[in-house]
Every structure is written in structure tokens, then in C-alpha cells.
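# Task: produce atomic coordinates for the following.
(2 chains)
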Amino acid sequence: MTILAALLLIFSAAFFGPAAAKYLKKSSGWVLALVPFTVFAYLLSFIPVISGGDVVKESWVWVSYLGVNMSFYLDGFSLMFGLIVSGIGTFIMIYGGGYLAADSNLGRFYFSILLFMGAMMGVVLADNIVALFIFWELTSISSYLLIGYKYEKEDSRKSALQALLVTGSGGLALLAGLIILSMITGTMEISEMFGQSGLVAEHPWYLGALILILIGAFTKSAQFPFHFWLPGAMAAPTPVSAYLHSATMVKAGVYLLARLNPVLSGTLEWTYIVTGFGAVTMLVAAWLAIAHTDLKKVLAYTTVMALGTLTMLIGMGHEYAVKAVAVFILSHSLYKGALFMVAGTVDHEAGTRDIRFISGLRKTMPMTAAFGCIAALSMAGVAPLLGFIGKELVYEAALSSVSFPMVLIGMAVLANIAVVASSGIVAIRPFFGEYKEYNNKHVHEAPLSMWIGPGVLSVLSILFGILPFLIDTAIISKAAGAIAGTPDLVVSLKLWHGINAPLILSIITLLSGIGLYLVWNKVRESGAVQAYDRIMGQGPVKGYEGWLNGTLGLAAAQTKFFQNGYLRYYMLCIVAFFVVLVGYTMLVKTDMIIVADFSDIYFYEWTLAGVIVIAAFAAVFAGSGLVAIAALGVVGYSIALLYILFSAPDLAITQVLVETLTVILVALVLIHLPQSKVKVSMGSKVRDGILAGSLGLIVTLIMLAVLNTEFDPFMTDYFAENSYVVAYGRNIVNVILVDFRALDTFGEIVVIGVAGIGVYALIKLGKKVITKKEGTTA
Amino acid sequence: MSNIIIYPILIPILTASLALIAFKNRELQRWLSVIGSVATFIAGCVLLYVVYTEGIQVLQPGNWEAPFGISMVADLFSALMVCVTGLMAMTISIYSLGDMDKQRESFGFQPLFQILIFGVIGAFLTGDLFNLYVWFEVMLITSFVLLAIGNGKAQLDGAVKYVVINLLSSLIFLAGVGIMYGLTGTLNLAAMAQALQDTENTGLVITASMMFLVSFGIKSAVFPLFFWLPASYHTPPVTITAIFGALLTKVGVYSLVRVFTLLFTQDIGYTHTILLWISVPTMVVGVLGAASQYDVRKILSFHIVSQIGYMIMGLAFFTKIALAGVIYYILHNILAKTNLFLVAGIAQKLVGSFHLSRLGGLYKNYPLVSSLFAISAISLAGLPPLTGFWAKYTVIYAGLEVEQWVVIGFALAVGLMTMFSMTKIWMGAYWSPLPDTAPVVADKNFKPVAGAQLIALLLPTIIIAGFIVVLGIFGEPFYALLFEAADQLLDPSMYINAVLNP
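Prediction:
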């Protein structure tokens, strides 16, 4: 098997999802879980190679002309992510099959979630930036479909759109940023960018590329002030929230930052921006969590907090920080994935996930309660769980930060106090205390499919916490080394470090957190917390909605202005554009020396020209349509006379025929039309007059200028020579029409024919209307 | 000399003639049209293959040597356009079997459709500036008649705006042709290009080029010349809107690309900068126009304008990769936009409306139609991995390469708005529950399309969606064509030599 084959396996499984849901029914989740499980096992088989210090590369040419390859890069970091994506994915398939068992859209769920899984694997394994971007956007699309899973609810649709627009706009910035980065480094493969960080940092485009990439990463990973879309995304069914919006997709931004850390970091800009946004997100989100009573909202904000923490750590970039990143990603995925699934189970069985309405469920759903508590302990950072090790490392990293260590550790402790309280909210509230059910819905334990996932994940939290050597050299060392860009970094994880600053801070955090939990009801209902939620939680949503409505308002206004429905304005606009564009070009690009020689113009030619001018003015100022058309007739006949004077009698004949027909036909039509008196203001008359006059003047000047150039008559000569000898025709014009340029004539014959069909159809139809559908004019 | 060029022109006009002979026999006309269109598509593919393997093909009808007769020339760009036109003729003629009403067909819809194809392909293949004008006339009169024979008020109103503005374009075009003839003494594009290489009248040439910019700009519907398009495209039946949306503006863009690569490259710093200035407001105004609409056809029509902007932008960058991107963008847009119109027509026949307020429930009830829409919409929105992404990526890359940061910023923002419009349709027509005002609910006489008619409507959209997916995923051979086509455009000597020194 190759990495590409693993990806294709997942993608092709997506197309069998609907069929699986239809025919396998209850066992469909278990069967489909074999797909990610296979990939998980396949990735596990790389551990010996990767922990031995190697990296695995794989590449297929995709579009060589653009330097786009389907190439993969497997090192410690991408391996860890790949294991998370496929491992948790396995349980999500099982869980989803149970959670949505009764839902008629289960097939669509399988399709979208497997599509997402493939895309997410692609993001973490891709080496080529274009391939990475493609997978990145695919995760956005599948996330859109999954958030909008309950598509008939307006709320779901809105949240789906919000998430798509936020991550989509970030995606566009990311695309530009990645292309610029590839232009700086001269390669599209991330693995070839490693080692060019000096070049990158000194490049004048560095800051631009950095900001664009950061916008992409920050929107995806819900960093402040883009954090609002993630709580909104909770409209998705819980398996989706557990998988996309906590364990995997939202970490894509963090993944990208960590992946590009060896290329982009090492500058003040990087350190300040990334650390700053991360720290602010961490603190803001942690305290938003305690303002809510919806289990999923609480978990969503703690997820944002975790993402902020990771971003902050990546910004610091020193050895402790990268270690903390690696451990924290793993520990967070384990406990948060479990907690979301538990929250979903509670919602599924109890009919609500608002903890004001339920409590004491441990009696009826003991398994779920147990696993929920273990996971929550890990989130609270209680020893001996993996979450504890993770939090110790975060504190250690903050303490050893080069800049503002005191500020950062303060923020981290404050944020974690809220997280401890949140852990209590999600684990103690629903499961302990007096048994209370919602709407008299009797609560049962969930089926195996719905507690096996949380079970395994929370057991792993304990296992890796007590026996950290299981993962430190095998996975964490190489993952941290890959982030730092120093592959031989060695990490040894320990539960007990002796009594040191992080431990003391941990104890303070835990005690304060418990204190906060005890007074939570009062704190939550207090004006300060409510106001805080309005500003920090709802404020950005308002900002987003304002932006969206503003754009739509602008769109409506500008469209009304440009596409106003009046043909005369359209014509005016086009003529004005012609005058400005062609007139300006003529002024600046030509020297406009027109040698006018009036000496050989005879007086009768002057007279004709005068008649034409007068008739043209008469047409413009005529009071009625009939007079105007007569005046235009005069113009036409005078031009015919000019043709005769300049010895082109056949042209003159044509002109006379056309002119006669036109005048008669238009006059006939005008007689039948109602006489409409359109009032036109003097101002618009002057404006139209100036424009029309300028148009005429410009074309005349160009014509005169062209006549001043030397004409190369080689075509005329050829026609004159050959029309009798080769084409056997005495009239050159005729020969041109029917032989030299017969194709033109053929085309014109078709034109006449089509016009005939059109006239026939319109006359036959009379006043009958074929379609009278919902059309409006514009 | 190569006769292979003549078939894509000959087949549609022959089909049209036969259909006219069978004027009273509606059934026969329809099958003639489908067979003719399939043959046109095959002829287009053969032409593409021959041009790719043997180089630029030239035909001198009547055997009058260039530049004295009219040259028909097929370089890769032309051949690609002919090929995709054939594909559109084929798919849309099948679609018309399920969509077109009896009245229109008895007033010559099928022959007119074929003549439109004839005109479009003629425009792509001609190597003569005046002859191009003739093809434009063929297209204009045919499209006008197709627009007008519904006789509805909105339709006639749209048709009048369409024809008046386009006649102005023709007038400017003709004046431009006259000026170019005066300056170079020839109408043959190759000979003209050669003469312009050592012209002393650069200033006049550039001035004339601006006239072509205005004329072709009207045809391609760029800002501020696009008004005719949103005014008229939503009025006729979907079959007609689809073929217009697929091809008419693209002929304008084709012509702009042709003259601004072959003829007017004397002062790129001036001419192509103006193209760039035009492209940005075209993208923006078009996409904002789309955002303000709630009739699916109007949304799609405004998007045509917006996406023309991307094409003009690529032309303005004027690098190899940019021109490859322009061609990709044109081809992609033809596929995606046409399919969106066709699917909108299917939705209308299932639910009864084009208006988002009266549409709904499609995702729930019609998964296949939903997938077809989703594929086309994702592509149009420029999301990977379909054609729209590659087209957008290629021009964006080209723009960053020439350091046009601001322009690319606009292009990316417009991409976001495009995505927004597509989700608007998706959410309004597909995700939302079926509203009570939908004709399928409210109108007892409304019967959703089904059976053979539905198959005739679905088959072409499946074919086009297939192209969108396959071209998106297997890009390598396609890019080989595009880059060679771009090479030919950037080095006019290939074109000139093929015509003048066969």
C-alpha cells in the first residue's frame, strides 16, 4: 500500500457510504470503520521507520506544468496527526452509525465524513503546497456539508455558511500566501523549503506571505477574532463536532503553522503575531466557556482555548514549546473527542444537552458517565492523566518564553482556571447529583457503538498518562523534532518532575478552578460575564453579519445604479466610455498632424457636404419622427451622390436602394406608432450632444489621420490583375464578392435568411405570447 | 492546405439546411439537430487532434492564396474553442429535446440553433478580420431571432436592448476594420500582423486597438459595456440562455485574446494595462450584481460578467502561464456555467420556478440533480479539485508572478463572493424546505418533469459534469494542450508563417 492508495481508499469509501447506510443499516458504522482502521494500522506500521529517524516521501506528478505534484511527506509530526485522524475517525464512524441510526440522511453523513477524512489525511500528509491547499479546501467543503446536515433548519444553514465564508476567505488568503512562499523559495514542496528559512526571513515579501498564511491558519483554527464560527458550527450533529470541530479539522491551522514553523519562524513578526493571537484566543475563549450551559457550546469554547494555547506555543517556538505542542495536540484530541461524544450521547439519550435540565445521569448511563469523567479529568489537567503532562509542559513553556514570560504564564493560568471549571460543568453537572430527566424522557445507557469510542479514548488518556514512555520516543520526540526543525530532538515524558514551578501553578489552577466551579451559577448569571459574552462571543458574530449585510446592501445599490433598466443610459455609458478611451488614446499616442489639403475640392462637393451637415442637424432637431427620418434620407441620398462623384456607381446604386427602403419602412412604422412626447431636460440634451459630437469628431479625426498615411494597394493590384485572368469576371467588385471573398457573401446570405425566419415567426405569432413566465426587465 | 477545418463549419450549416427543408416535421428536425451536433463535436475533436499533432492548420477557400482570399486558420486555441463549441452543441441539442416547446420549434428553433453554432465556429476559425465581422453578424441576427421568438414583454424588451447595443458594437468593429485596412492594406490577420511589425503608425494602431477593445468588450460584456447581458439572458427558455451563456461572450473574449496577442502588441504597457483596469471592475461589478439577485438565471448571468473579468485579467498579465490560464478559464466557464443553467432549467421543471423564494427541497428529493448542481457550483466557485480551481489557480499564480498584488487581492475577494452566490442558490433551492409558494405545491396543473423528458434533460448535464470532474482530476494532458496553445499565442510568427508561408 502507498499513502496515495490509503487516501484513495478513504475517498472511494465515501461513495459507498450511502449504499452502506441503505443495505447494512445498523452495522454500517462498524463496517465503514474498517476503512479508517485500515489506514490507522497502515500508519502504525511506519512507527519503527519514523522513530528510527527517517522520513517517508512519496510523489506522483499531477500537473507538471504548474509544478503540482501529489506528493506526501511522512515524518513524526504528520504521522502523529495521521494517527489521530484515522484513529479517532474509526470511532467516529462507529459512533456516527449509532448516533444517526434512525436518521434518513445517514448515507449523506457517511459520504461527507469520509470525504472529510480523506481530505484531512491529505492536509496532514501532503508535501506539495497546492496539494495541501486542495485538501484544505476540501475539508472546508465537507465541513460545510456536515454543519448543514440538518439542512431544513435555517439555523444550520446559516452556521454552515458562516463557517464556510470565514474559513473560505482565510483559504483564499492562504492560497496567495503559499504561492508567494513558493515564489520566494523556488519550490512547491514543503520539504524542500526546510533549510531556506534564512532566505525566506530576509525576503521583502516575507511579511506579506506570512500575514496571508496566518490569516488562513487563524480562520481555520478559529483564532480570535475569527473564533466565533466554531461555536456556531455546533449546529452540526455531535459526531461531526467531535471529529471536525475539535479533534481534527480545526487543528489544521495549527498543523500548518507547526509544519511551516521551520520555514517561517525565527523572526520577531512571527513570534509576536503568532504568540499574541494565540494567547489572546486562549484567554478569551476559556472564559467564554463558562458563560454557557449548552454542553457543546462549553466544549466548543474550551476547544478554541486549546487551539489558542497551541498557537501561542508555536509562536514561542523553543524546545519546551514544541514538546508541549506535540503532547497537547495528542492529549486534547483524546479527551475532547471523548467529551464531545459523551455530550452527544447525553443529548441523544436525555433529549437535551442543556445542563440546567439534567443531572444524576450516572445511575442510568454509568459507562458514559465514567468515560466522561475520565476525559474531563484529563481536560482539567489532573494527574495521572495525559492532560496533566500536557498542561505541565504548557506552563513550563510559558515560563521559559523569551519575551513576556510573566504575562504569558499569567494568561495561561487564568485560562486554565476556567477550563478546570468547564471540566466540572461538563462532567459533574449532568452525571452527579439528584436524578433529573428532561421532558419526562426516560434515560437509558447508550448502545455499545456510542460508548466504545469515548471508552477507548479516555482509557488511552490514562494509559499514556501513567506510562508516557509508550509514546515519547515512538511518537512525541519525532513530532516535536519535526515542528522544531531539529529531527534529533529527544523528549522523555514524565508524570512526576518533583516540586517545581509548573506543579505549584497546577495546584493553584486546580484549586481556583474548583472554587470557580462552586460559584459557577452565580458567576454565569452575573452581569459581567453576560456582558463579556455579548462583547467577545456575540460581538464578532455581529461584525460578521454587519459585513455580510453591508456587502449585500452595496451589491444591491450598485446593481440598481448600473443595471437600471434604461437602454438610453446603457448607450450613453457605452458612448462615453468610447469617447474617453479612444479619445484619450488618440490624444496621448498619436501626434495628430493631419495635413488637410482643401485645394482640390470642388464647390459642388462643398455644397453636398453642407447639405449633409444641415440634414443631419435637421434630423436631430426635428419635432417629429417623420421629419427626422426624411432628413436622414437626405443625408443618405447625398452620400449616394458623393459615391457617384468619386466614381463608385455600384456603391451609389446600393446606397440609394437601401436608403429608399429604410425611409419607406421606418416611415410606415412611425405612422402606426403612437406619438410619444418624451420630455428631455436641457441639461441631458447638452450632455448627449457633447457626447455624440465627440464620438463623431474622434472617428472623423482618426479617419483623416489614416487617410494621411501611405496606403499599400497590393491587394487592389492583385484583384485588378487576377479578376479577369484567373477568376473570369470583368467587374472586380463582383468577383471579390462572389469569388475572392465568397465566404463573406455566404455568411451575409445566411444573415438574410435568418432575418427572414425571424420576420416570418414574428408575423405568424402576431400578438400571441409563447412564454409568459416570471421574467422582468432589466 | 487542410480541408479538415471546413467540417466543423460545414456540418452545422448543412444540418440547418436539412432542418429547414424539413420545416414542417418537428420530430425529424430534432433528430437532425442532435445528429448534426454530435457530428460537429466529432469534427471538432478530430480538428483538435490534427492541430495538436501536425501544427496549425490553414485552409484557403476557393484556393485563393493568402492574403488575397479569406484564410481559415486553426491554431490550438481555435481548435480547443471549436471542440468545446461542438460539445456544447451536442449536449444542449439533446437538452432541447426535453426543454424546447412546440411553438418555438415550429418557428425554426432547431435550424436557428445550428446556424448559431455555425456562426460561432466560423468566428473561431476565421483568419480574416472582415470575415470575423461577418460571423459576428451571423451570430447577432440568429441570437436576436432566438431571443425575440417568445414574444413575451420581458423577452422583447431584453431583445431590443440586446440588439441595439450589439449593433453599436458591430458599427465600431466595422469602423475599426476600415481603419486597419487603411493602415495595413490587408484584412488577413496574419498579413496584418506582419505589416504591423514594422509599421510607422504605432499611435494610430493603438488608437484603433482601443476601438476593437470597445467593440469586442461589448461582445464579451466587460465593464462598463455589459448592460445588454443581464438585460436579456434571463428571458428566453433555458436551452437558449444556456447556449448564449456558453458561447456568445466567449466569442468576444476569444476575439480580444486574438487581436491583443496577434495584432496589438506594440505597446503592451499601455494596451494591456487598460485591459487590467477593465478586468477588475468587471469582476467586482459582476459578482456584486449576482449577489443582489434572487432569480437563479439572473444570478448566473451576472456571474458571466464577473468571470469574463478573470479572463481579461489573464490576458492583461500576458505571460505564457497567464494565457494558458485564460484559455483554461474560458473552457472551464463554458462547461460550468452552461451546466448551471441547464440544471437550473431542470429545477424549474421539477419545482416550477427560477426564483429562490419559490424553490426548495431539491436536496431532499433529488440527490442526482443536487450532485450535478454541486459539481458545477463548486467548480464555478473555484473550489478544488474541479476545473474552476485550476483555472483560477493558474491566473492567480500568473498574477502573483508579475506582482500584481492589488489586482489579485480583488480577484480573490471576488472568488469569495462567487462562492457566496453559489451557496445562496444551494441553500435557497436545495437545502431549504419546499415553500408553499412553489408551483409544484401551489399550482394543481403543474406536473414535475419525468420519464424520457427528464432523461433528455439529465443526460447532457451528466456529460458536462463528467468533463468538469475528469478535467479537474486528470489535468496533465489538458495542460499540455493549454501551454502549447499559449506558446502559439505568444509567438505570432507561428501563426503568420502557417498562413503566409505554407
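
# Flag the shaky bits of the chain, pLDDT-wise.
Just going to use chain A. Chain A contains residues with pLDDT under 70 at A:593, A:595-596, A:676-678, A:766-778.

# Can you look at chain B instead?
Using pLDDT under 70, chain B drops low at B:1, B:151.

# residue furthest from the geometric center of it?
Residue farthest from the centre of chain B, counting by Cα atoms, centre = their mean, is residue B:444 at 38.2 Å.

# And that one, its phi and psi?
Dihedral pair for residue B:444: phi -70, psi -20, per degrees, to the nearest 10.

# Tell me the spacing between it and chain A.
Separation of residue B:444 from chain A (Cβ to the nearest Cβ, to the nearest Å) stands at 18 Å. Placement of C-beta: from N, CA and C, glycine included.

# repeat for residue B:108
Taken as Cβ to the nearest Cβ, the span from residue B:108 to chain A is 5 Å.

# The nearest residue to that residue once chain neighbours are set aside: what secondary structure?
Spatial nearest neighbour of residue B:108, excluding adjacent residues (Cβ to Cβ, 6 or more residues apart in numbering or on different chains): residue A:757 at 4.7 Å. When classified by DSSP: H, G, I helix; E, B strand; the rest coil, residue A:757 comes out as helix.

# Give me the number of neighbouring residues for residue A:757.
Residue A:757: 21 surrounding residues under other Cβ atoms under 10 Å in any protein chain shown.

# Give me the neighbour count for residue A:634.
Residue A:634, neighbours per other Cβ under 10 Å, totals 18.

# Just confirm yes or no for the helix or strand where residue A:700 lies near chain B.
Element membership of residue A:700 [criterion: DSSP states H and E] is helix A:682-708. Yes: using Cβ under 8 Å from any Cβ of the partner chain, helix A:682-708 reaches chain B at A:699, A:702-703, A:705-707.

# Out of those, which comes closest to chain B?
residue A:706 (4.1 Å; Cβ to the nearest Cβ).

# so what's the spatially closest residue to the closest one that is not a sequence neighbour up against?
Leaving aside its chain neighbours, residue A:706 sits nearest to residue B:182 (4.1 Å; criterion: Cβ to Cβ, 6+ apart). By Cβ atoms under 8 Å, 6 or more residues apart in numbering or on different chains, the residues touching residue B:182 are A:706-707, A:709, A:711.

# Count the neighbours of the nearest residue to residue A:435 once chain neighbours are set aside for me.
Distances taken as Cβ to Cβ, 6+ apart place residue A:360 nearest to residue A:435, at 3.6 Å, with adjacent residues excluded. Counted with other Cβ under 10 Å, residues neighbouring residue A:360 total 17.

# how close does residue A:360 get to chain B?
Counting by Cβ to the nearest Cβ - residue A:360 and chain B are separated by 38 Å.

# re earlier: CA-only coordinates of the helix or strand following the helix holding residue A:700, as PDB, when you get a sec.
Using DSSP H and E, the helix or strand that directly follows helix A:682-708 along the chain is helix A:714-725. Coordinates of each C-alpha in helix A:714-725 appear next as PDB, following Å, rounded to 0.1, in the frame of the first residue of the first chain:
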ATOM      1  CA  PHE A 714      -1.100  45.400 -53.100                       C
ATOM      2  CA  MET A 715      -4.500  43.800 -52.600                       C
ATOM      3  CA  THR A 716      -6.200  46.100 -55.100                       C
ATOM      4  CA  ASP A 717      -3.500  45.400 -57.600                       C
ATOM      5  CA  TYR A 718      -3.800  41.700 -57.200                       C
ATOM      6  CA  PHE A 719      -7.600  41.800 -57.600                       C
ATOM      7  CA  ALA A 720      -7.200  44.000 -60.700                       C
ATOM      8  CA  GLU A 721      -4.700  41.700 -62.200                       C
ATOM      9  CA  ASN A 722      -6.400  38.400 -61.500                       C
ATOM     10  CA  SER A 723     -10.100  39.000 -61.600                       C
ATOM     11  CA  TYR A 724     -10.400  38.600 -65.300                       C
ATOM     12  CA  VAL A 725      -7.400  36.400 -66.000                       C
END
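
# Which positions in helix A:714-725 come out as buried?
A:715, A:718-719, A:722-723 (16 or more other Cβ atoms under 10 Å in any protein chain shown).

# likewise stretch B:158-165?
Those would be B:158-163, B:165, for stretch B:158-165 by 16+ other Cβ under 10 Å.

# Relative to chain A, which of these is nearest.
So of those, ranked by how close each gets to chain A (Cβ to the nearest Cβ), first place is residue B:161, at 5.1 Å.

# what's near enough to touch the closest one?
A:567, A:570, B:227-228, B:231-232.

# which secondary structure element contains it?
Here residue B:161 is assigned to helix B:153-184, by DSSP H and E.

# Switch the contacts of residue B:161 over to a markdown table; also include neighbour count.
Formatted as a markdown table, these follow (neighbours: other Cβ atoms under 10 Å in any protein chain shown):
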| residue | neighbour count |
| --- | --- |
| A:567 | 17 |
| A:570 | 23 |
| B:227 | 27 |
| B:228 | 25 |
| B:231 | 24 |
| B:232 | 28 |
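
# Save those as JSON lines, and put in distance to residue A:85 and secondary structure too.
JSON lines is the format used below for those (distance: Cβ to Cβ, whole Å; DSSP: H, G, I helix; E, B strand; the rest coil):
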{"residue": "A:567", "distance to residue A:85": "58", "secondary structure": "helix"}
{"residue": "A:570", "distance to residue A:85": "54", "secondary structure": "helix"}
{"residue": "B:227", "distance to residue A:85": "51", "secondary structure": "coil"}
{"residue": "B:228", "distance to residue A:85": "51", "secondary structure": "helix"}
{"residue": "B:231", "distance to residue A:85": "51", "secondary structure": "helix"}
{"residue": "B:232", "distance to residue A:85": "50", "secondary structure": "helix"}
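
# Closest one to residue A:273 out of the residues you listed, please.
Taking Cβ to Cβ as the measure, residue A:273 lies nearest residue B:227 of the contacts of residue B:161, at 45.3 Å.

# residue of the stretch 1-150 of chain A with the smallest distance to chain B?
residue A:134 (3.8 Å).

# residues in contact with that residue?
Neighbours of residue A:134 in contact, by Cβ under 8 Å, 6+ apart: A:122, B:384-385, B:389.

# okay, now residue 430: neighbour count?
Because you didn't say which chain, this covers chain A. Applying other Cβ under 10 Å, we find 29 other residues in the vicinity of residue A:430.

# try chain B instead
Using other Cβ under 10 Å: residue B:430 sits among 23 other residues.

# Tell me the spacing between it and residue A:182.
Per Cβ to Cβ, to the nearest Å, residue B:430 is found 36 Å from residue A:182.

# The stretch 151-300 of chain A: helices as residue ranges?
For the stretch 151-300 of chain A, the helices defined by DSSP state H, counting those that start in this stretch occupy A:154-185, A:190-193, A:197-202, A:206-220, A:229-232, A:238-242, A:252-264, A:268-289, A:295-316.

# got CSV for those, with mean neighbour count and distance to chain B too?
As requested, the helices of the stretch 151-300 of chain A are exported to CSV (neighbours: other Cβ atoms under 10 Å in any protein chain shown; distance: least, Cβ to the nearest Cβ, whole Å):
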stretch, mean neighbour count, distance to chain B
helix A:154-185, 23, 4
helix A:190-193, 20, 17
helix A:197-202, 15, 16
helix A:206-220, 23, 8
helix A:229-232, 25, 14
helix A:238-242, 29, 16
helix A:252-264, 26, 15
helix A:268-289, 22, 18
helix A:295-316, 28, 22
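
# what's the closest of those helices to residue A:603?
helix A:154-185 (68.7 Å).

# chain center to that closest one, what's the gap?
Relative to its chain's centre, helix A:154-185 lies at 4 Å (Cα atoms, centre = their mean, to the nearest Å).

# What of stretch A:268-284?
Relative to its parent chain, stretch A:268-284 has a centroid offset of 24 Å by Cα atoms, centre = their mean.

# Great, nothing more from me.
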